[in-house]
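In: Build the 3D model from these lines:
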Amino acid sequence: MEPSTTPSSLNSSYSSTTTDGEAAEPQVPRPDPEEPLLNLFPTGVFPTYRPVPVLVQVALIVLSSLASAATTWKHLRDLRKAPTVAEIFGFMGKALVFTVLSTAAVQDIFLRPSRLSTNTLVQRYFLPSALSKYEPLSISRDGESTETLGVHYLQYENPTTEEAKYDALYVNHGFGASSLSWLPAIPDLTKRLRAKICRGHDAVGFGFTDRPSNLLNYSTKGSARIAMSLLHKSTATLESVALFGHSLGALTTLKMALQLPVETSKLIVLCSPALGVKPFQVFSFPIEGRWWSPIFNFVRFRLIYPVFGFVLHRVVGTKNFWKRALRSVWGDPDKLKDSDALRFQWPSIGLGWERGFMQFGVAQITKFEKDGLDDDAVLLRRVLELPNTKMLVIIGSSDSVIPPKKIAKFFEDFEVPIVELQGLGHDSFEEGTQEFCDAVDDFLRSTGEVERTAFDVIPSCVSPHFPQPTSLTTVSFLEDPSHIITQQFLAPGWTVCITIYSANLLVLLRKDDRHPAAFLCSKHCCITPRSIGMPPLGVKCLHKSTVFTLYSIFIMPPLEPKNENLQSKKPIHST
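Out: Below you'll find the predicted structure:
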């Protein structure tokens, strides 16, 4: 992402306020203690404005006071008489303004935030994540031509040896973020979905992907093309693909689905999708190649971008900006970690980030799509009409960016399941990674996407009362499930009794008449087992082809191991 000499290049910074940093020799990445896959900033790289030294600040205050006095009282003899109230306030006001302006000037000249090209990061420092990769890709443009673009993306290969369910998992980030926003969820999602590989790129205008002058690259259509190039890089054939999109990245995800072969099996998960929220479209056609394009570009690049770029540079360069911004979108601001802010702060050190950000904004109000795909409802309907396609929408109940009611209203005409995660905000997959992954798991089980037999998902880190099973067998259900069906051996000394009450399952685990535990599952009720510290038990009801997930509810007192006693008990309701 090196600067270009052309006036319209977006890799060159506005004015002279950003430059590549210097490093004596390549540095070794330093992982973040809270998030090992995320690196801390390199030594000598400053994401924010540094404070002015005390002595320099004192000198600036003195000089500003003298300048204020000189403009308030033009002659020294004017000070022989007592100054008026207006003169005093005028002096103080001008001194304050001069101090602020002089301090800002010193910071912008000597203490400005670092701005580094991606090539500089690769050669002298390091990329933001252990999963980061940066390489030139050949991007197709409607099959007419190709262009080469340097793309930064994350890549995670599934370390498990299980048979793969999906050839690839692809994640798309939202507005103002980068692929790093998916970093906390990528390993868990990849393993749970049994995907061979996971990839996700930085959309043009954000992160460390190159910033060419062509506006099409900044649109969701252009981002989908980049994603497809990376997706096909994973494997030659794509029989099954999982596509995830957050906020504005949901549009990119849907457009990817339309570009995949019809026969490809697709799982689409949209998190807080920004569908139906586009305010307006100023340009109903591409703004490049018109007779007035040179005038528009001159005003845009020479007047508008420098002014707004400087303001953006100052705002984002303030200390704790990203923490304050993210607290406003987190469901529980007190759970925001330093590593959460670091994931968003990393891209802001990219050379030309401010100008790329504004280019992205212009691209969103410009029409690039044909066949009505610029209409979100039309786009969604086209995707839902595809065969072999499953879709899930996950939202946070405390989303202040796109309220849940607005999302529900948009989807009310579409048969798409919506899962609302309580207490989470706009970035639920970051704020509540475990809850988000659990919701995806539950959806796959409910659709039969993930096959389960009895007790095949007992994790190793569970209560000592629940040892790892040494042998597992499938629970067989009778057509009349009104009594105890069977007893299964869970582990040495442990037996399980299963009773079905209508749509509910009651499970009793016991060991030597001590520490029995009761489990209740309903098709309409799920309890997160991690908060209780006990294992979820997957049971498939064969005669109804219904998948139940049993979660530990509470420990019961010792009970007599008589089937008739258990059969006579009423269903237990979770609290």
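In: after the helix or strand hosting Arg324, next one along is what?
Out: Under the criterion of DSSP states H and E, Arg324 resides in helix 321-327. With elements assigned by DSSP H and E, the helix or strand that comes after helix 321-327 is helix 338-345.
In: Which secondary structure elements does the strand or helix carrying Phe89 sit against?
Out: Assignment of secondary structure by DSSP H and E places Phe89 within helix 85-110. Taking 3 or more C-beta pairs under 8 Å, 6 or more residues apart in numbering; DSSP states H and E as contact, the helices and strands that helix 85-110 lies on are helix 54-72. Glycine gets a C-beta too; all of them are placed from N, C-alpha and C.
In: For the nearest residue to Tyr125 once chain neighbours are set aside, grab phi and psi.
Out: Once flanking residues are discounted, Tyr125 sits nearest to Pro42: 4.1 Å by C-beta to C-beta, 6 or more residues apart in numbering. Per-residue torsions, Pro42: phi -60, psi 150 (degrees, to the nearest 10).
In: so Pro42 touches Gln123, yeah?
Out: No. If you go by C-beta atoms under 8 Å, Pro42 and Gln123 don't touch, sitting 12.0 Å apart.
In: From the neighbour counts alone, determine which of these two ranks first.
Out: More crowded of Pro42 and Gln123, by other C-beta atoms under 10 Å: Pro42, with 21 against 11.
In: Report pLDDT for that one.
Out: pLDDT, Pro42: 95.
In: Using CSV, list the CA coordinates for stretch 362-377.
Out: Below are the C-alpha coordinates for stretch 362-377, written out as CSV (Å, rounded to 0.1, in the frame of the first residue of the first chain):
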residue,chain,number,x,y,z
VAL,A,362,-18.9,8.2,-1.1
ALA,A,363,-19.1,4.6,-2.6
GLN,A,364,-22.1,3.8,-0.4
ILE,A,365,-24.2,6.6,-1.9
THR,A,366,-23.2,5.6,-5.5
LYS,A,367,-25.1,3.0,-7.5
PHE,A,368,-23.0,0.1,-8.9
GLU,A,369,-25.5,-2.7,-9.0
LYS,A,370,-27.7,-3.9,-11.8
ASP,A,371,-30.9,-5.9,-11.8
GLY,A,372,-32.2,-4.0,-8.7
LEU,A,373,-29.6,-5.5,-6.3
ASP,A,374,-29.1,-2.1,-4.8
ASP,A,375,-32.5,-2.7,-3.1
ASP,A,376,-31.8,-4.7,0.0
ALA,A,377,-35.1,-6.5,0.0
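In: And the helices in the stretch 251-400 of the chain?
Out: Assigned by DSSP state H, counting those that start in this stretch, the stretch 251-400 of the chain shows helices spanning 293-299, 305-316, 321-327, 338-345, 353-364, 376-384.
In: ranking the ones you listed by burial, who's on top?
Out: helix 353-364 (a mean of 22; mean count of other C-beta atoms under 10 Å).
In: burial count for the residue lying closest to Gly425 once chain neighbours are set aside?
Out: In space, Gly425 comes closest to Gly331 once its chain neighbours are excluded; the distance is 3.7 Å by C-beta to C-beta, 6+ apart. Around Gly331 there are 20 other residues, counting by other C-beta under 10 Å.
In: Name the helix or strand of this structure that has the lowest mean pLDDT.
Out: The helix or strand of the chain with the lowest confidence, counting by mean pLDDT, DSSP states H and E, is strand 552-555 at a mean of 28.
In: Isn't Phe414 up against Leu380?
Out: Yes. Phe414 is within contact range of Leu380, at 6.2 Å (criterion: C-beta under 8 Å).
In: pLDDT score for Pro7?
Out: 32.
In: and the nearest residue to Pro333 once chain neighbours are set aside, how far is that from Leu336?
Out: Leaving aside its chain neighbours, Pro333 sits nearest to Arg327 (4.0 Å; criterion: C-beta to C-beta, 6+ apart). For Arg327, the distance to Leu336 equals 6 Å [C-beta to C-beta, to the nearest Å].
In: Let me know the helix or strand that Ala439 is in.
Out: Following DSSP H and E, one finds Ala439 within helix 433-446.
In: That helix: which residues count as buried?
Out: Residues of helix 433-446 classed as buried by neighbour count (16 or more other C-beta atoms under 10 Å): 433, 435-446.
In: just stretch 128-141 next, same as before
Out: Of the residues in stretch 128-141, those buried (16+ other C-beta under 10 Å) are 128-129, 131-132, 134, 137, 139.
In: what's the answer for stretch 48-60, then?
Out: Neighbour-count burial for stretch 48-60 flags 48-49, 52, 60 (criterion: 16+ other C-beta under 10 Å).
In: Over to it now: how far is its first residue from its last?
Out: End-to-end distance for stretch 48-60: 21 Å, by C-alpha to C-alpha, to the nearest Å.
In: now do stretch 167-185
Out: The first residue of stretch 167-185 is 18 Å away from its last residue (C-alpha to C-alpha).
In: The chain should start at 35 in everything you say after this.
Out: Got it, first residue is 35 now, which makes that one stretch 201-219.
In: So for that stretch, mean pLDDT?
Out: Computed over stretch 201-219, the average pLDDT equals 95.
In: Please apply the same query to stretch 334-341.
Out: Mean pLDDT, stretch 334-341: 85.
In: what about that stretch, how long is it end to end?
Out: Terminal residues of stretch 334-341 are spaced 10 Å apart (C-alpha to C-alpha).
In: just stretch 168-181 next, same as before
Out: By C-alpha to C-alpha, the extent of stretch 168-181 from end to end equals 16 Å.
In: go on, stretch 201-220?
Out: Taking C-alpha to C-alpha, stretch 201-220 runs 15 Å from one end to the other.
In: follow-up on the earlier one: give the rounded mean pLDDT of the helix holding Arg358.
Out: Helix 355-361 comes out with an average pLDDT of 94.
In: go on, stretch 100-107?
Out: Here stretch 100-107 scores 85 as its mean pLDDT.
In: Flag every buried residue along that stretch.
Out: Buried residues in stretch 100-107, counted by 16+ other C-beta under 10 Å: 101-103, 106.
In: can you put these in a markdown table and add distance to Leu285?
Out: Output for the buried residues of stretch 100-107, formatted as a markdown table (distance: C-beta to C-beta, whole Å):
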| residue | distance to Leu285 |
| --- | --- |
| Ala101 | 52 |
| Ser102 | 52 |
| Ala103 | 58 |
| Thr106 | 56 |
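In: Relative to Glu273, which of those is nearest.
Out: Nearest to Glu273 out of these is Ala101 (C-beta to C-beta; 72.1 Å).
In: can you pull the contacts of the closest one?
Out: 128-129, 132 (C-beta atoms under 8 Å, 6 or more residues apart in numbering).
In: Next: Thr194.
Out: Counting by C-beta under 8 Å, 6+ apart, Thr194 touches 225, 228.
In: does it sit in a helix, a strand or a coil?
Out: Put simply, Thr194 is coil when judged by DSSP: H, G, I helix; E, B strand; the rest coil.
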